[in-house]
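K.L.:
For reference, the sequence and a predicted model appear below.
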Amino acid sequence: MNTTTAPPKTAPPETVPRFLPADTPVLGRVTVVIAPQPVELPVGLVRRLWRFADRNRTVVLFALFLVIADVAVGWFSPVWARHSPDDYAARVAGCAREPRDLVFVGGSPVSEGIDPDKIAGVSWAGKTLDSTYALGLSGGTTSDFYHAVLHGCPTPPRILVYGITASDLNDSRHEPHGPYSLMTWGDLGRWVRLRPESAEWVTRHFALSRVGQASNLFRYRHGIRMWATTSAEQQLPGSCPEAIREADELRERSAALENGNGYAPARGYSVGRYDVAKAAGVQPTELPYLRKFRTGSHLKYLHKLIDWCEAGGTKLLLIDMPVTADLEAIYPSEFTEFRLRLAEVEQSRPIRVIRATRESVGLTDAHYADLIHMNRDGAVIFSRWMRETLAKMGR
């Protein structure tokens, strides 16, 4: 019997490849998501931090107390501001509250000598100028006044009157209050490009201002002191007479700036009499703001102010503010150079310069508190003259 088994037949190899049906799913991309694990501080690091805090708990607790106190002081910032207002910031904010028809800008001669209420309602080109404001920044320069107008007039006014005087253009002086209260980072960059010779000064003061404003305790230190003085006087009348006079004046000025038109003259200037001081032989003999007088750099911001007015359709008037005859006698060359610069600007740019002499306005030494600042009587006379002058020009 034959038991041999035939070998199995194998299928021939395929010569044509087979394709998957069209509806067969195909794996295109795989995304792996790993759940984040909670970050845990190493036990050793936690122990080291705890030991450090334990060893230095006095310092740590003091630092923590300062942080809490600083935050708490910030909650009451309106109280401190009412007792010690930032004149520059308050005036700019007040001007920006609403669109203005007529804005006055300048230094302390403007802040003391122009009362917008006595000028409001004057007619210009057939329309009344009802909303008026005085951006008078004591100690400021032309560079500061440009930034005040830039941020204080988001809507350009119909008329901008710049009461200019020689100290505004003195390149030997700068006002740190400007970088502190008026300038932004963009303003800083433009200043550095426009006035590179003073780049270090403005950068340093701008940086210091930002550091100072970062701490509420530092920023409102004077307001806190004035509030404490007022509280102490209420409990113990007569306990701090000198400080309470300052506190009362600052609260009065804060109220005027918050609700008024920018006119908030200093008490001392309001009642001062230069003629009386001269008769007593105690009149000032110099104005520090005119020392080492030179011009050219601040003048660049006067041209930028002119450009801003042209772009916004604002009529710009420059007023050579009247000062005492004694001040011009002390600094004759400085005022000569200042007025020469004004004439050059008037010839090269489409602006009008008004020469407000003492004689044309009707001012005497009795209308000044010192060499340059008008008292309240002088402000009344000058404001009325200003109204009449604008009325004539606007016909």
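P.N.:
Perfect, I can see it now.
K.L.:
going forward, measure contacts and count neighbours with C-alpha atoms only.
P.N.:
Noted.
K.L.:
Pull the distance from the helix or strand bottoming out on mean pLDDT in the chain to the chain's centre.
P.N.:
Least confident helix or strand of the chain, by mean pLDDT, DSSP states H and E, is helix 43-55 with a mean of 78. Relative to its parent chain, helix 43-55 has a centroid offset of 45 Å by Cα atoms, centre = their mean, to the nearest Å.
K.L.:
all helices of the stretch 101-250 of the chain, in order?
P.N.:
Applying DSSP state H, counting those that start in this stretch to the stretch 101-250 of the chain gives helices spanning 108-113, 142-152, 177-181, 185-194, 199-214, 216-219, 221-235, 241-259.
K.L.:
which of those helices sits most buried?
P.N.:
helix 108-113 (a mean of 26; mean count of other Cα atoms under 10 Å).
K.L.:
Now it - C-alpha only, CSV.
P.N.:
The C-alpha coordinates for helix 108-113 follow below in CSV (Å, rounded to 0.1, in the frame of the first residue of the first chain):
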residue,chain,number,x,y,z
SER,A,108,3.3,131.6,37.1
PRO,A,109,2.6,135.0,35.4
VAL,A,110,-0.4,133.3,33.7
SER,A,111,-1.5,131.3,36.8
GLU,A,112,-1.5,134.5,38.9
GLY,A,113,-2.5,137.1,36.3
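K.L.:
who wins for proximity to Asn170 among the helices of the stretch 101-250 of the chain?
P.N.:
Asn170 lies closest to helix 142-152 among the helices of the stretch 101-250 of the chain, at 9.1 Å (Cα to Cα).
K.L.:
Touching the closest one from outside, list them.
P.N.:
Counting contacts by Cα atoms under 8 Å, 6 or more residues apart in numbering, the residues outside helix 142-152 that touch it are 88, 91-96, 105-106, 135, 137, 168-169, 175, 178, 182-183, 187, 298-299, 301-302, 304-305.
K.L.:
Restricted to buried residues, select the residues you listed in ChimeraX.
P.N.:
Here is the ChimeraX command that selects the buried residues among the contacts of helix 142-152 (16 or more other Cα atoms under 10 Å):
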select :88,91,92,93,94,95,96,105,106,135,137,168,169,178,182,183,298,299,301,302,305
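K.L.:
Strands - which of the contacts of helix 142-152 land there?
P.N.:
Members of the contacts of helix 142-152 lying in strands (criterion: DSSP state E): Val105, Gly106, Leu135.
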